[in-house]
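For reference, the sequence and a predicted model appear below.
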Amino acid sequence: MTLDASEVALRDSIARRGDDLYRDLEAFVAIPTGGRFRAGLDELRGVITTRLAPLSATIALSPGDPRPAWLALPEDPKDDAIPPTALASRLDGAGPRVLLAGHLDTVHDPRGEFHVLTRESATVCRGPGAVDMKGGLVIAIHALESLASLGIGLRWSFILNSDEETGSFHSARHLEDAAREHDVGIALEPATDEGGLVVARMGTGQFRIDTAGRTAHVGRDFGKGVSAVTALARAILDVSAFADVSAGRIVNIGPLVGSRVTNAVPDAASAWGNVRFADDAVQRFLAEKFDTVNSARDAMPRVSVQRAFNRAAKPMTPAVERLALGVREVSESLGRALPFSSTGGVCDGNILQSVGLPTLDTLGVRGGNLHRTDEWVEIPSLVERCQLLAIVLKRVATGALGSC
């Protein structure tokens, strides 16, 4: 399918927005939104919703839900303020309803030295969160503005959360509620390294192992003590044995907390970890295996495991495949190939699709080094991916793309 006249007009209109796209990316990156920095999150949310309101969008803020207390690490900031989730909507008229999903937060220290966008060449710029996902936020705004300027109708909502990088526990309920009210989901995660689409993702979950023992003086009463650290070490080995990459099971254990002294038998220890699973059957298998690690309540030492499998696996369903093929057709009409791939990474697209919304989630910009202090964006992709997104949205509006 070649581009029709309105799509050519969209393409050309966005081509003239290159400088504006870059300036907006520069401005968004300059607002620090990592490390749960509430002031920056509030500022960026306000900037974006202010841009969306003139497109006849209604803006609603919904309070976030608390996440499980056991997820907190000892070094986490003690900030009880839970950020809201914003939903901008323009759903009047008829036709398919598309839900755009973007996250405001990054992983970067708001007080760190990596804090602004720098242009390194005609094709590369670097900045915190530039590719993940402030570039995606920028192209979505310009795509919606371009559609409106050309009088192309679209029923859309844009949901903006502030905790994607920490699991979307605060915003998951709002993502699910919004997904149930739409027909197509598009999450603005960055494109793959090849500039393509991820069509399938593993699911993920968090867990924590706690062990309890009995303290004692190491020199005088060692035999009376029961080491929680030793019990934790055994539990870690047991849990690590659940991993089998070939079977779609990944189990990783990271932060550890035990005793702070060497001359007392430790009576408490903890470890936090992350799992990835290929499908629902693997998720159930892991849940059952984790439950076997728990000891009796009166055991000594005592072992307990808490878990939250918060993002289901995201397979390539027939509806997702139809959408992906439709996006590929648009990309090829614009002169660019669009390879498909799968990944163990997760995003809010997992949440949207888990309640039945067919979702594509790598329609953001091209770049690389996500979560690193040399994160970069391929500057031409600001225009190119905005063109792709806008024409995809136009075809969603007319029912000409995928399952719509």
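Alright, I've got the coordinates. Numbering: from 1, shown residues only.

correct me, but V107 touches G34?
Yes. Counting by Cβ atoms under 8 Å, V107 does reach G34; the two are 5.7 Å apart. Heads up, the C-betas are built off the backbone N, CA and C, glycines and all.

Now do the strands for the stretch 101-250 of the chain: every range, in order, please.
Secondary structure of the stretch 101-250 of the chain (DSSP state E, counting those that start in this stretch): strands at 118-119, 124-126, 155-161, 184-187, 197-201, 203-212, 249-257.

from those, which stretch is densest packed?
Highest mean neighbour count among those (mean count of other Cβ atoms under 10 Å): strand 184-187, with a mean of 27.

For the stretch 151-300 of the chain, which segments count as helices?
172-179, 218-221, 228-240, 280-293 (DSSP state H, counting those that start in this stretch).

can you give me how far the first one is from the chain middle?
Read that as helix 172-179. 14 Å (Cα atoms, centre = their mean, to the nearest Å).

That helix: which residues count as buried?
Within helix 172-179, the residues that qualify as buried are A172, H174, L175, A178, A179, counting by 16 or more other Cβ atoms under 10 Å.

next one: the last one
The neighbour-count criterion (16+ other Cβ under 10 Å) identifies V282, Q283, F285, L286, K289, F290, V293 as the buried residues of helix 280-293.

which of the residues you listed lies closest to A390?
Q283 (36.2 Å; Cβ to Cβ).

contacting residues for that closest one?
Taking Cβ atoms under 8 Å, 6 or more residues apart in numbering as the criterion, Q283 is in contact with G203, G205, F277, F309, A312, A313.

can we see that at 10 Å?
By Cβ atoms under 10 Å, 6 or more residues apart in numbering, the contact list for Q283 reads M202, G203, T204, G205, G248, R249, V275, R276, F277, F309, A312, A313.

ok, back up a step: can I get the helices of the stretch 151-300 of the chain in TSV including mean pLDDT and distance to E194?
Listed next are the helices of the stretch 151-300 of the chain as TSV, based on pLDDT from 0 to 100; distance: least, Cβ to Cβ, whole Å:
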stretch	mean pLDDT	distance to E194
helix 172-179	98	28
helix 218-221	97	56
helix 228-240	98	32
helix 280-293	97	27
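
which one of those lies closest to L99?
So among those, helix 172-179 is nearest, using Cβ to Cβ, at 5.7 Å.

Now that closest one - C-alpha only, PDB.
This file holds the C-alpha atoms of helix 172-179, laid out as PDB (Å, rounded to 0.1, in the frame of the first residue of the first chain):
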ATOM      1  CA  ALA A 172      -0.800  -0.400  36.900                       C
ATOM      2  CA  ARG A 173      -4.400  -0.100  37.800                       C
ATOM      3  CA  HIS A 174      -4.800   3.000  35.800                       C
ATOM      4  CA  LEU A 175      -3.000   1.500  32.800                       C
ATOM      5  CA  GLU A 176      -5.300  -1.600  33.000                       C
ATOM      6  CA  ASP A 177      -8.500   0.600  33.300                       C
ATOM      7  CA  ALA A 178      -7.500   2.700  30.300                       C
ATOM      8  CA  ALA A 179      -6.600  -0.300  28.200                       C
END
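
which strands and helices sit next to it?
strand 58-62, strand 85-90, strand 97-103, strand 155-161, strand 184-187, helix 348-354 (3 or more Cβ pairs under 10 Å, 6 or more residues apart in numbering; DSSP states H and E).

Show the low-confidence segments of the stretch 1-150 of the chain, by residue range.
Applying pLDDT under 70 to the stretch 1-150 of the chain picks out residues 1, 77-80.

For it, which segments count as helices?
According to DSSP H, counting those that start in this stretch, the helices that the stretch 1-150 of the chain contains are 5-15, 18-29, 38-52, 135-149.
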